[in-house]
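J.: Next input, structure requested:
(one chain, ligands or ions: 2)
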Amino acid sequence: MDSGVAAAAPDAGPGPTWQSKCPWGAPNTTSISCSLADVMSEQLAKELQLEEENAAFPEVVAVAEGPFITGENIDTSSDLMLAQMLQMEFDREYDAQLRREEKKINGDSKVSISFENYRKVHPYDSDSSEDEVDWQDTRHDPYRADKPTTTPRRGFVGKGKDITTKHDEVVCGRKNTARMENFAPEFQVGDGIGMDLKLSNQVFNALKQHAYSEERRSARLHEKKEHSTAEKAVDPKTRLLLYKMVNAGMLETITGCISTGKESVVFHAYGGNTTEDKVIPPECAIKVFKTTLNEFKNRDKYIKDDYRFKDRFSKLNPRKIIRMWAEKEMHNLTRMQNAGIPCPEVVILKKHILVMSFIGKDQIPAPKLKDVTLSSEDMKKAYYQTLNMMQQLYKECNLVHADLSEYNMLWHDGKVWLIDVSQSVEPTHPHGLEFLFRDCRNVAQFFQKGGVAEALNERELFNAVSGLNITADNEVDFQAEIEALEKMNEDHVQNHGKKLSTFSSDGDPPIFDE
Ligand code: ADP
Ligand code: MG
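T.: Ligands and ions are numbered 1, 2, ... in the order given. Alright, predicted model coming up:
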């Protein structure tokens, strides 16, 4: 089937009105009679398309000369190729017009204006892809900053034979080398400038492409990682540690996430095989301390002044500090367990992952006190139990919870269980008594609001827990006295290098560790 079809054939025959109005002209609908099989054949479709294309751009084919187009062997089956052909032709025509304008303006004048910079196709270097090279912010081009007058605006320096254009191999090569500095920081470019490396445009563009795709790839990977972190709530290293626990048979299965907090993620798991030296509870809670460091910054005050951890704190990197939180929770839970306070039992600590017994049943965690509706009797019971636990915690465990509230108390088996003790400190911590007072305020308010008539107010509760006898009848003075006591302790540390083992305000002298 040969071409010879007019580009537009308004009289080509009857057809729907859109055909005649179509800016590309109506397709030739003249006598093509063939069987259904022919119509369906791909070959025919291709030929028809070819015919249409030839009809639509007859001149382009006729005049075009260039790397793609030879005039005889034209492959117009690719849209991309066609677009390129058109673009090239357009550029050529544009440049020809530009040359004419240039000539007209300059005439015979001795001073001439060059339009070179506006040309589409460059006579010196058709693959220079200058526009591609200009992808980055050239204001920050280090090469330009150092040598701003490499090539003047007119595009060349020198005279006659010694003329050097901005496309000079050496100048261009150096420029390209300098531009490599603008690649993503992860992309290692070496010290090309120092070596006076001259990168050809071709090599530079290939490298640039590679840098680009690497950047995109790494962004995709990162995105994926972030996504999976959000999805599975843990990073790959943590996941590996968890798999190892399952593989070792310590855990049967990790069923899912119970809670995602700012500082930790808690999972439920079924316990694995109990061994001779390790009893694994049937259900476990896995607390994963988040390794995103930011959240822990504001917790510094709990740990850096805790003398148990003080020496180590200053020497540790942030990752290790996070492990220390997990370790702290483990130690504190163990102390509480030993004192008989209802709390999770520690199963194992692995880096920043603490496995403990699950408070709840059949994957359903026990509700927090804030979420449970208790009968007034249970409420009263819960109150007295809490008071008792606070006293035990202070006296027997030598601890202040430091984040005690209805959010960290679970109601299970008819009693209150204390959880979340990674931030708990000893009472002689520089802010220990302030933390205790805050705990007392939370507890007193909760039970008073909960209708427990017997509930002590925060100051009474503070004295009842600590055994101190601060008499101030308003909060401000009370707190001032607390701070005075803390200061006394600190002064003692300064002077004697050791802390009070406990506070006393009964008129007795403070008891010191000797
Ligand atoms: P966070 O520091 O994020 O508050 P928590 O230790 O309070 O960490 O745990 C968060 C939540 O996970 C708790 O409110 C509780 O619902 C659940 N949880 C934590 N430990 C256990 C456990 N041992 N048994 C059952 N649920 C638990
Ligand atoms: Mg909590």
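J.: Tell me, how many residues neighbour the residue of the chain at minimum distance from ligand 2?
T.: Residue nearest to ligand 2 within the chain (Cβ to the ion): Asp420, separated by 3.7 Å. Yep, even glycine has a C-beta here, placed from its N, CA and C like the rest. Residues lying near Asp420 (other Cβ atoms under 10 Å) number 25.
J.: so what's it up against?
T.: 329, 403, 408 (Cβ atoms under 8 Å, 6 or more residues apart in numbering).
J.: Relative to ligand 1, which of these is nearest.
T.: Among these, Asn408 lies closest to ligand 1 (Cβ to the nearest ligand atom), at 5.3 Å.
J.: what about Ala484, which helix or strand?
T.: In the assignment (DSSP states H and E), Ala484 maps to helix 475-496.
J.: quick one: average confidence on that helix?
T.: Summarised as a single mean, pLDDT over helix 475-496 is 90.
J.: Numbering from 72 from now on, please.
T.: Taking 72 as the first residue, the last one we looked at is helix 546-567.
J.: Would you mark the buried spots in that helix?
T.: Using 16 or more other Cβ atoms under 10 Å as the test for burial, helix 546-567 gives 549-550, 552-553, 556-557, 560, 563.
J.: and the longest strand belonging to the chain, what other elements does it pack with?
T.: For the chain, the longest strand by residue count, based on DSSP state E, is strand 322-331. When contacts are defined as 3 or more Cβ pairs under 8 Å, 6 or more residues apart in numbering; DSSP states H and E, strand 322-331 packs onto helix 307-318, strand 335-342, strand 354-360.
J.: So the spatially closest residue to Ser476 that is not a sequence neighbour versus ligand 1, what's the distance?
T.: Leaving aside its chain neighbours, Ser476 sits nearest to Asn513 (4.0 Å; criterion: Cβ to Cβ, 6 or more residues apart in numbering). For Asn513, the distance to ligand 1 (Cβ to the nearest ligand atom, to the nearest Å) stands at 14 Å.
J.: Could you do Leu539 as well?
T.: 28 Å.
J.: ok, that residue touching Leu556?
T.: Yes. The criterion here is Cβ atoms under 8 Å, and Leu539 meets it with Leu556 at 7.5 Å.
J.: wait, what's in contact with the residue nearest to Ser476?
T.: Counting by Cβ under 8 Å, 6+ apart, Asn513 touches 475-477.
J.: rerun at 10 Å
T.: The neighbours of Asn513, taking Cβ atoms under 10 Å, 6 or more residues apart in numbering as the test, are 472, 474-480, 529.
J.: Tyr465 too?
T.: Shown in contact with Tyr465 (Cβ under 10 Å, 6+ apart): 471-472, 497-498, 503, 507, 510, 535-538, 573.
J.: same question, Ala437
T.: Shown in contact with Ala437 (Cβ under 10 Å, 6+ apart): 429-431, 443, 480-484, 486-488, 490.
J.: now, the most widely separated pair of those?
T.: Phe429 and Val443 (17.2 Å; Cβ to Cβ).
J.: who in the stretch 222-371 of the chain is up against ligand 2?
T.: Contact residues, the stretch 222-371 of the chain versus ligand 2 (Cβ under 5 Å from the ion): none.
J.: One more pass at 8 Å, please.
T.: 330, 332, 335 (Cβ under 8 Å from the ion).
J.: Return the residues of the stretch 272-421 of the chain in contact with ligand 1.
T.: Listed as neighbours of ligand 1 in the stretch 272-421 of the chain under the rule Cβ under 6 Å from any ligand atom: 329-330, 332, 334-335, 337, 356, 358, 415.
J.: right, and out of the residues you listed, which lies closest to Lys439?
T.: Distance ranking of these against Lys439, using Cβ to Cβ, places Ser330 first at 10.0 Å.
J.: Please name the bridge partners of the closest one.
T.: Taking DSSP bridges as the rule, Ser330 bridges to Val337.
J.: My read is that it contacts Lys361, right?
T.: No. Counting by Cβ atoms under 10 Å, Lys361 is not a contact partner of Ser330; they are 11.9 Å apart.
J.: Mind checking which of these two has more residues around it?
T.: Shown here are Ser330 and Lys361; by other Cβ under 10 Å, Lys361 has more neighbours (22 against 14).
J.: Can you list the residue ranges for strands in the protein?
T.: Going by DSSP E, the chain shows strands at 227-228, 235-236, 322-331, 335-342, 354-360, 417-421, 424-428, 431-432, 435-436, 480-483, 486-489, 571-573, 582-583.
J.: worst average pLDDT in these?
T.: It's strand 582-583: among those, that one has the lowest mean pLDDT, namely a mean of 38.
J.: who's in contact with the residue lying closest to Asn403 once chain neighbours are set aside?
T.: Nearest residue to Asn403, sequence neighbours excluded (Cβ to Cβ, 6+ apart): Val492, at 4.1 Å. Counting by Cβ under 10 Å, 6+ apart, Val492 makes contact with 399-404, 406-407, 412, 414-415, 464, 468, 470-475, 479.
J.: try Gly431
T.: 329, 339, 354, 356, 437-438, 481, 483-484, 488.
J.: quick revisit: go through the contacts of Asn513 and name the one nearest ligand 1.
T.: Using Cβ to the nearest ligand atom, those come closest to ligand 1 at Asn479, 5.3 Å.
J.: Test my guess that that closest one contacts Phe517.
T.: No. Asn479 lies out of contact with Phe517 (Cβ under 10 Å); the separation is 11.4 Å.
J.: Spit out the residues that contact those two alike.
T.: Overlap of the contact sets of Asn479 and Phe517 (by Cβ under 10 Å, 6+ apart) consists of 440-441.
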